[in-house]
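[1] coordinates for the following, if possible.
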Amino acid sequence: MKDVDTFENDPDGYLYDPRARAAMAWIAGDDGDLPAFEASAAVRTASHAVDRLRSHGSEGRGVSAGALDVLIRLAAREQGLSIGELARAAGVSSRNVTGLVDTLERDGLVRRVPDPGDRRSVLAEITPAGRKWIDDFRAPSRLAMKALFRGFTPEELVVLRDLCLRLTANQQRLSAHLRQIGSQP
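    Here you go, the predicted structure:
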């Protein structure tokens, strides 16, 4: 795990990771792609930092980061969601969500209920115990996010959000394109 002391400032005053730069320079070669490779490494480092913080807060309370995502999505709704809807929203497989819902149901935080719109289907919905769990998790989460994003202006956070979602959109387009050309004869 890296700490902030391993980062340095470039001549323009922007942070970079010298170890990542050296590794990425080797991969990028001389094509001028180093900034994209370094940005990719920085996104991964930042993602891991957020995941570590979320995991520390949720796993200490007996819930994995994936299960926490399910609980948050269900807590934000008046009615339940299907396994497929939860999977699409989280960008994971239905099988993964089924396992998370099984665990949360076993722990009394989620229950399966009949889908009023489709008798053949069930929805996952948060229980009162699940709502209490989320309510108890909310205050420490707010403090952690304030600490994690300390020094960022609201405008910088909007730009960060936009950049991350643009990366995600590009990845989704690329994956769709690769699936399309992979399925062609």
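
[2] pop out the phi and psi values for the closest residue to Ala129 other than its chain neighbours.
    Once flanking residues are discounted, Ala129 sits nearest to Gly108: 4.8 Å by CB to CB, 6 or more residues apart in numbering. C-beta here means a position set from N, CA and C on the backbone, and glycine is covered the same way. Reported as degrees, to the nearest 10, the phi and psi values for Gly108 are phi 80, psi 10.

[3] check contacts around Gly108.
    Counting by CB atoms under 8 Å, 6 or more residues apart in numbering, Gly108 makes contact with 127, 129-130.

[4] and those residues as a markdown table, adding neighbour count?
    Formatted as a markdown table, these follow (neighbours: other CB atoms under 10 Å):
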| residue | neighbour count |
| --- | --- |
| Thr127 | 16 |
| Ala129 | 14 |
| Gly130 | 22 |
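
[5] for these, which one is nearest Val97?
    Gly130 (15.2 Å; CB to CB).

[6] burial measure for the closest residue to that closest one other than its chain neighbours, as a count.
    Of all residues not flanking Gly130 in the chain, Leu109 sits nearest, at 3.6 Å (CB to CB, 6+ apart). Look at Leu109: counted by other CB atoms under 10 Å, it has 25 neighbours.

[7] quick one, phi/psi of Leu109?
    phi -90, psi -20.

[8] helices and strands around the lowest-mean-pLDDT helix or strand in the chain, which ones?
    Within the chain, judged by mean pLDDT, DSSP states H and E, the helix or strand with the poorest mean is helix 34-59; its value is a mean of 82. With contacts defined as 3 or more CB pairs under 8 Å, 6 or more residues apart in numbering; DSSP states H and E, helix 34-59 has these neighbours: helix 18-28, helix 65-75, helix 128-148.

[9] mind doing that once more with 10 Å?
    When contacts are defined as 3 or more CB pairs under 10 Å, 6 or more residues apart in numbering; DSSP states H and E, helix 34-59 sits against strand 15-16, helix 18-28, helix 65-75, helix 128-148, helix 154-182.

[10] for Ala89, which of the ones you listed is the nearest?
    helix 65-75 (5.8 Å).

[11] give me the pLDDT value at the residue nearest to Ala129.
    Confidence at Gly108, expressed as pLDDT, is 96.

[12] and if you look at Leu178?
    88.

[13] for it, what are its contacts?
    For Leu178, the contact set (CB atoms under 10 Å, 6 or more residues apart in numbering) is empty.
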